[in-house]
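[1] Build the 3D model from these lines:
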Amino acid sequence: MSKTKRSHLKNTLKESLRMALQAIRDNKLRSILTLLGITIGVFSVIGVMTAIQTLESSINSGLNVFGSNTFNVQKYPAIQMGGHTRNKYRNRKNITYRQFEELSRRAKLPLLVSVSDGRGGRSIKYKDKTGKSNLYVVGGDAWTLRLYNTFLGDGRNLTEQDVDFSRRVAVLGMDVVDQLFPFEDPMGKKFTIDGIGYTVVGISERKGEMFGESQDNYLLIPITTFLNRYGSHWTSLDISVEAPSAELYDKTREEVIGLLRVIRKVPPGEENDFEITSNDELIATFGTFTNGVKLFAIAISTIALLVAGIGIMNIMLVSVTERIKEIGIRKAIGAKRRDILFQFLAEAVFLSEIGGIAGVILGILGGNLVSMAFNIPAVIPIDWAIIGLVVCSLIGIGFGSYPAWRASKLDPIESLRFE
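    Now for the predicted structure:
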């Protein structure tokens, strides 16, 4: 492209932007109502996508409910998308401690097999101090901390002897330490849970928050002690299994499924009466849900953008009518049809982009309210912001083409006579 053509294109773009801004200033209400449709359409897409990407980013980086190469066996699915199948899961047999022991004894491939259960809302006291009522008491064994990606910060872990003899010992999360032992070493201290005395033998490392909830407001006691205190015929345990390596993960999973079907007497040909859950499956399930939300947001935004496109066409047709004489003068002094066409197309695109930029900014701010609510890192969806602006350009071109074509076809003599 020659220097003269580049200069001409630059001037045309500059003039088109000036005219677009002038059109907004001269017809503020009409322009605002027109651009509002584009802003709402882009806002709805960018807002939803920002919120979802914020959650997905936090899940992918921080949702390590189970450790590496680890899967969980439980009665109910980790995530249920509807209540109509709940009776199916409720009618399953509970996973018992005896079944865990049998699986642990017979399984050959797993690096370790662990068991756990939990109850919330327990009352915990130490002398005159009372912990929060939403304390979560976890019953587990020597491997529970490892499998849930928590590490020992001080003292010792639970041992096989603690489980075998149902000892009243506990490993505390840091929230419990902060509540009951803010100014003293908790090791060896005795406290009560629902009136029953326990001794502190260890403290886990602080994990922080996820989705606005603390991951440290818990304590761990031996699973047998837990079952003696809180177990009932309604209790179904969670079994965690760690494979020796990623290469043996699938074989380990198949072995555990086969053994559990035998232990739980599942007839051949029938589906499993238990659920196998891993990090990847949780993320995939969450992704299925969010994909539906994304499609719904895109559908709503498409309608809003089509309506906005019609508004762009309307405002451009009005602009052509108001500037017929100006078009005639430009043609009389040498402007070509393509110059007029390009000018009005550029003006339509600029109008669309102004609404689009406002929608992108508001969408990112609105979507990141999720990060503020759940205290997780904010996300700026650059890809969707670019897609939003490209779509706005296409809307400007698509709905601005007819008014621009109409302006370029005007006869210069008739235009100069127009009053």
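
[2] any idea of the mean pLDDT for stretch 103-111?
    Average pLDDT, stretch 103-111: 93.

[3] whoops, I mixed them up, stretch 343-353
    The average pLDDT within stretch 343-353 is 82.

[4] Likewise for stretch 132-142?
    Average pLDDT, stretch 132-142: 87.

[5] which parts of it are buried?
    135-142 (16 or more other CB atoms under 10 Å). Any C-beta I mention is one placed from the backbone N, CA and C, and that applies to glycine too.

[6] Among those residues, name the ones in strands.
    Using DSSP state E, 135-140 are the members of the buried residues of stretch 132-142 that sit in strands.

[7] Take those and lay them out in TSV including distance to residue 166.
    Output for those, formatted as TSV (distance: CB to CB, whole Å):
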residue	distance to residue 166
135	21
136	20
137	15
138	15
139	11
140	13
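
[8] Return the member of those nearest to residue 411.
    Top of the list for closeness to residue 411, among these and by CB to CB, is residue 136 at 80.1 Å.

[9] how close does that closest one sit to residue 193?
    For residue 136, the distance to residue 193 equals 11 Å [CB to CB, to the nearest Å].

[10] now the helices for the stretch 1-150 of the chain?
    For the stretch 1-150 of the chain, applying DSSP state H, counting those that start in this stretch gives helices covering 3-26, 28-62, 86-90, 97-106, 144-147.

[11] can you check the stretch 151-300 of the chain too?
    160-164, 174-180, 223-230, 249-263, 279-322.

[12] so can I have a markdown table of these showing distance to residue 370 and mean neighbour count?
    A markdown table is the format used below for these (distance: least, CB to CB, whole Å; neighbours: other CB atoms under 10 Å):
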| stretch | distance to residue 370 | mean neighbour count |
| --- | --- | --- |
| helix 160-164 | 41 | 15 |
| helix 174-180 | 24 | 20 |
| helix 223-230 | 35 | 19 |
| helix 249-263 | 32 | 17 |
| helix 279-322 | 12 | 17 |
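
[13] would a markdown table of the ones you listed with mean pLDDT be doable?
    Rendered in a markdown table, the data for the helices of the stretch 151-300 of the chain read as follows (pLDDT from 0 to 100):
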| stretch | mean pLDDT |
| --- | --- |
| helix 160-164 | 94 |
| helix 174-180 | 90 |
| helix 223-230 | 92 |
| helix 249-263 | 93 |
| helix 279-322 | 78 |
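
[14] what's the overlap in contacts for residue 136 and residue 193?
    Common contact partners of residue 136 and residue 193 (CB atoms under 8 Å, 6 or more residues apart in numbering): 122, 219.

[15] For residue 397, find the nearest of the helices of the stretch 151-300 of the chain.
    Per CB to CB, nearest to residue 397 of those: helix 279-322, 10.1 Å.

[16] Report all helices and strands that that closest one contacts.
    In terms of contacts (3 or more CB pairs under 8 Å, 6 or more residues apart in numbering; DSSP states H and E), helix 279-322 is packed against helix 28-62, helix 337-367, helix 382-408.

[17] Now the residue nearest the centre of the chain: closest residue in space that isn't a chain neighbour?
    The residue lying closest to the centre of the chain (CA atoms, centre = their mean) is residue 55, at 2.1 Å. Closest residue to residue 55 apart from its sequence neighbours, by CB to CB, 6 or more residues apart in numbering: residue 370 at 6.5 Å.

[18] Equivalent analysis for residue 312, please.
    Among residues not flanking residue 312 along the chain, residue 399 sits closest, at 4.6 Å (CB to CB, 6+ apart).

[19] cool, and residue 37?
    residue 308 is the one closest to residue 37 (CB to CB, 6+ apart), at 3.0 Å.

[20] thought that neighbour was touching residue 34?
    Yes - here residue 308 reaches residue 34: they are 7.0 Å apart, a contact under CB atoms under 8 Å.

[21] which neighbours do those two share?
    In contact with both residue 308 and residue 34: residue 355, using CB under 8 Å, 6+ apart.

[22] Tell me where the model's unsure across the stretch 51-200 of the chain.
    Scanning the stretch 51-200 of the chain for pLDDT under 70 picks out 58-68, 79-87.

[23] sorry, back to before: of the helices of the stretch 151-300 of the chain, which is nearest residue 40?
    Of all the helices of the stretch 151-300 of the chain, helix 279-322 comes closest under CB to CB, at 5.1 Å.

[24] and the angle for that closest one with helix 337-367?
    140 degrees (axes from the mean of the first three to the mean of the last three CA atoms, to 10 degrees).

[25] what is the orientation angle of helix 279-322 with helix 28-62?
    On the basis of the same axes, to 10 degrees, helix 279-322 is oriented at 170 degrees to helix 28-62.

[26] How many neighbouring residues does residue 197 have?
    Using other CB atoms under 10 Å, the number of residues around residue 197 comes to 9.

[27] Surely it is in contact with residue 170?
    No - contact criterion CB under 8 Å: residue 197 and residue 170 do not qualify, at 10.3 Å.

[28] picking that back up, got JSON lines for the helices of the stretch 1-150 of the chain, with distance to residue 298 too?
    JSON lines is the format used below for the helices of the stretch 1-150 of the chain (distance: least, CB to CB, whole Å):
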{"stretch": "helix 3-26", "distance to residue 298": "27"}
{"stretch": "helix 28-62", "distance to residue 298": "6"}
{"stretch": "helix 86-90", "distance to residue 298": "31"}
{"stretch": "helix 97-106", "distance to residue 298": "45"}
{"stretch": "helix 144-147", "distance to residue 298": "39"}
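
[29] how long is stretch 188-208 from one end to the other?
    One end of stretch 188-208 sits 25 Å from the other (CA to CA, to the nearest Å).

[30] in it, what's buried?
    For stretch 188-208, burial by neighbour count (16+ other CB under 10 Å) applies to 191, 193, 198, 200-204, 207.

[31] likewise stretch 361-370?
    Using 16+ other CB under 10 Å as the test for burial, stretch 361-370 gives 362-364, 366-368, 370.

[32] what separates it from the chain centre, distance-wise?
    Relative to its chain's centre, stretch 361-370 lies at 14 Å (CA atoms, centre = their mean, to the nearest Å).
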